[in-house]
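Participant: pasted the sequence and its predicted model underneath.
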Amino acid sequence: MNIRPLERIVTGQATSDGAGVKLTRVLTQDLQRRLDPFLMLDAFRNEHRDDYIGGFPDHPHRGFETVTYMLAGRMRHGDSAGNAGLLEGGGAQWMTAGRGLVHSEMPEQEEGRMEGFQLWVNLPARNKMMAPVYRDLASAQIPQWSLEGDISLRLIAGRLALAGDPEGRVFEGAVQRPDTEPLYADLHFAKAASLTLALPASMNAFIYTYRGQVKVGAPGQERAVDDTRMGILGNAPGHDTVRLSCDAAARCLLIAGRPLNEPIAQYGPFVMNTREELMKAFSDYQAGLIRD
């Protein structure tokens, strides 16, 4: 059992998007090749209405998938394909933009905390022009397990196993996707504890700590990832597990996926493989064709 080390700690960039929603862009374009198939991760944790109330009015997407996971607050989704849904605390939505659609995500609250994440997952070239797909996941639809050491595992996507588990258990998330095989886990540590998970070296992976401090690495070689920081996991050949530990209560996301190793051409809300495809996406949008 070779434990993956922490390769790098990333501090996100404070910015705003939509109609002025304040957020932290954690996974930026300069990390797309290193963390292929993931294109972007935004984290938002706003207590004041003025920091989120404008929401994300109508905007287009083509060529990838968006995954929104809410911890607190309420957001209303609507899109040009006729889909609608209310995203509430503990719930998620998985939207495959494919050949394109226009959607909005607007707050349905006037006060209180709004907190969550949006992850962008690339699509392989052959699927970039597939029909759009939308799926709402209420909190109760996301599988959850209590593990030894007062650790709670919520699994939005993918499959996960404990390293060396004598029972050979495999935990299965609410969503399974081909090609990129994304893993999206939310881990809650109620107290000091450690957890070792199987994670093939072939998958690019990172954690994002959103409460407390989480350590990554073999005993005696751990490195700490503080609140609001991302830790990129090394994936040298043969390193097939990840060990997470903490000295006190903490929470983090563990995200991993199989790289596509394809060219990435992105500008704003469109992600294609070539500049020509990117320009076609813009012209289609301007012509009103990206509305499914």
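Facilitator: Cool, the structure landed.
Participant: all contacts plus neighbour counts: C-alpha atoms, from now on.
Facilitator: Noted.
Participant: for the stretch 1-150 of the chain, which segments count as strands?
Facilitator: Listed in chain order, the strands of the stretch 1-150 of the chain (DSSP state E, counting those that start in this stretch) span 6-11, 13-17, 21-27, 38-46, 56-61, 64-72, 74-79, 84-88, 92-96, 101-107, 114-122, 133-137, 144-147.
Participant: right, and those - which one's nearest Thr228?
Facilitator: Among the strands of the stretch 1-150 of the chain, the nearest to Thr228 by Cα to Cα is strand 6-11 (7.4 Å).
Participant: quick one: that closest one to chain centroid distance?
Facilitator: Its chain's C-alpha centre and that of strand 6-11 lie 17 Å apart, by Cα atoms, centre = their mean, to the nearest Å.
Participant: cool, and stretch 216-230?
Facilitator: Centre-to-centre, stretch 216-230 and its host chain are 19 Å apart (Cα atoms, centre = their mean).
Participant: how deep is the spatially closest residue to His59 that is not a sequence neighbour tucked in, by neighbour count?
Facilitator: Nearest non-adjacent residue to His59, counting by Cα to Cα, 6 or more residues apart in numbering: Val102, 5.2 Å away. Using other Cα atoms under 10 Å, Val102 has 19 other residues around it.
Participant: dig out what Val102 forms beta bridges with.
Facilitator: Counting by DSSP bridges, Val102 forms beta bridges with Pro60.
Participant: next up, the contacts around it.
Facilitator: Going by Cα atoms under 8 Å, 6 or more residues apart in numbering, Val102 touches 58-61, 79-80, 290-291.
Participant: just among those residues, which is most surrounded?
Facilitator: His61 (24 neighbours).
Participant: look up how far Phe189 lies from it.
Facilitator: Distance from His61 to Phe189, counting by Cα to Cα, to the nearest Å: 36 Å.
Participant: could you do Ala256 as well?
Facilitator: For Ala256, the distance to Phe189 equals 20 Å [Cα to Cα].
Participant: centroid-nearest residue for this structure?
Facilitator: With distances taken as Cα atoms, centre = their mean, Leu119 lies nearest the centre of the chain, 3.5 Å away.
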